[in-house]
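> sequence? don't have it. structure:
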């Protein structure tokens, strides 16, 4: 069974799912024995990164692991895991996987069935002078999801909207879009913007068509974001996390973007049939895990947001969900 999970969230969950990931990763990334890993699986305060690619039995016995972007290396690991399958000590008989007995309440995100769910993609844009090495960094891209509850979605479009009306996007919509989703996560994860980082932000809506069936609007705006701090980024080496190793300090990050979009709200269905928004501008700096150590100079970046699908993967919670009580913070704006 192939499974993809949000490691940052799962490695701290105090439930069966979190315990299973930790059981497997303690054996793989940290090379514990099965019994030692089993004894440590309930630890949610470990402060360790459990990211990786793993092959395991449903009992949690590790058969193979690798942290790599190289498909050939991954294939080699999978082949080795198949050999170890015949030597496994657990799951010797087939059995049915039951329902979870408990889920960590601080990590439960309920999909907004009647709300607005958007898919986000981000990537670097073409540079006039490109000094990056010709590797994965040039083609890197990432994705996320944006959630609005039903009542929040309804607040975006005034009931009496008429052609020519111009008004600001509701403040909580602007704040969530900007603080949690106008992020440089092209190569890796990065924290949301604090409120103090918003230097000049504005989103306006203009009604371009309005009938009994639908309302069409254009979106325009800008966002200047800037935060100072000390982000310690370790050199890219196999010993990057040894205690006492020197780190490269990145002292700021920023994004100066112009936003443009087109929306269409179906009045009869009470749902958006179109929600296209792009943010294009200049990013600079970096944070601990977004892999910008040698690429902190100003450079172009683009973010595109559109309606999400309805497949299982499109029900993935926004990445901010990896922190405890993040649900309350995300929807408190």
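Sure, I can see it. Note that the structure is predicted; figures quoted are calculated from it, not measured. Numbering: from 1, shown residues only.

> quick one, longest helix in this protein?
Counting residues, the longest helix found in the chain (DSSP state H) is helix 71-85.

> so what secondary structure elements neighbour that one?
strand 53-56, strand 62-66 (3 or more Cβ pairs under 8 Å, 6 or more residues apart in numbering; DSSP states H and E). Quick note: C-beta positions are derived from backbone N, CA and C, even for glycine.

> contact partners of that helix?
Applying Cβ atoms under 8 Å, 6 or more residues apart in numbering, the contact partners of helix 71-85 are 53, 55, 63, 64, 65, 66, 68.

> that older thread, reformat the helices and strands packed on helix 71-85 as a markdown table; add distance to residue 111.
Listed next are the helices and strands packed on helix 71-85 as a markdown table, based on distance: least, Cβ to Cβ, whole Å:
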| stretch | distance to residue 111 |
| --- | --- |
| strand 53-56 | 26 |
| strand 62-66 | 31 |
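
> pLDDT below threshold where in the stretch 151-300 of the chain?
Along the stretch 151-300 of the chain, segments meeting pLDDT under 70 span 236-245.

> how about the helices in it?
For the stretch 151-300 of the chain, helices defined by DSSP state H, counting those that start in this stretch occupy the ranges 171-181.

> from what I see, residue 148 and residue 115 are in contact.
Yes. Contact status for residue 148 versus residue 115: in contact at 5.1 Å, counting by Cβ atoms under 8 Å.

> looking at these two now, which is surrounded by more residues?
residue 148 (23 against 15; other Cβ atoms under 10 Å).

> the spatially closest residue to the more buried one that is not a sequence neighbour: neighbouring residues, count only.
In space, and not counting its chain neighbours, residue 148 is closest to residue 116: 4.1 Å by Cβ to Cβ, 6 or more residues apart in numbering. Residue 116: 21 surrounding residues under other Cβ under 10 Å.

> what does residue 289 give?
If you count neighbours by other Cβ under 10 Å, residue 289 ends up with 17.

> residues touching it, list them.
Contact analysis of residue 289 by Cβ under 8 Å, 6+ apart lists 188, 189, 190.

> repeat the analysis, applying 10 Å as the threshold.
Residues counted as contacts of residue 289 (Cβ atoms under 10 Å, 6 or more residues apart in numbering) are 8, 49, 51, 185, 187, 188, 189, 190, 191, 231, 233.

> select only the buried ones of these in ChimeraX?
Filtering these down to the buried ones (16 or more other Cβ atoms under 10 Å) takes a single ChimeraX command:
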select :8,185,187,189,190,191,231,233
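
> in strands, which of the contacts of residue 289 appear?
Per DSSP state E, strands hold the following members of the contacts of residue 289: 231, 233.

> so can I have a markdown table of the contacts of residue 289 showing distance to residue 142?
Putting these into a markdown table (distance: Cβ to Cβ, whole Å) gives the following:
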| residue | distance to residue 142 |
| --- | --- |
| 8 | 13 |
| 49 | 18 |
| 51 | 15 |
| 185 | 5 |
| 187 | 7 |
| 188 | 8 |
| 189 | 9 |
| 190 | 10 |
| 191 | 15 |
| 231 | 18 |
| 233 | 18 |
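
> and the contacts of residue 289, which two are the farthest apart?
Farthest pair in the contacts of residue 289 (Cβ to Cβ) is 51 and 231. Separation: 18.5 Å.

> quick one: which of the contacts of helix 71-85 is nearest residue 252?
Using Cβ to Cβ, these come closest to residue 252 at residue 68, 31.5 Å.

> name the element that closest one belongs to?
Under DSSP states H and E, no helix or strand contains residue 68.
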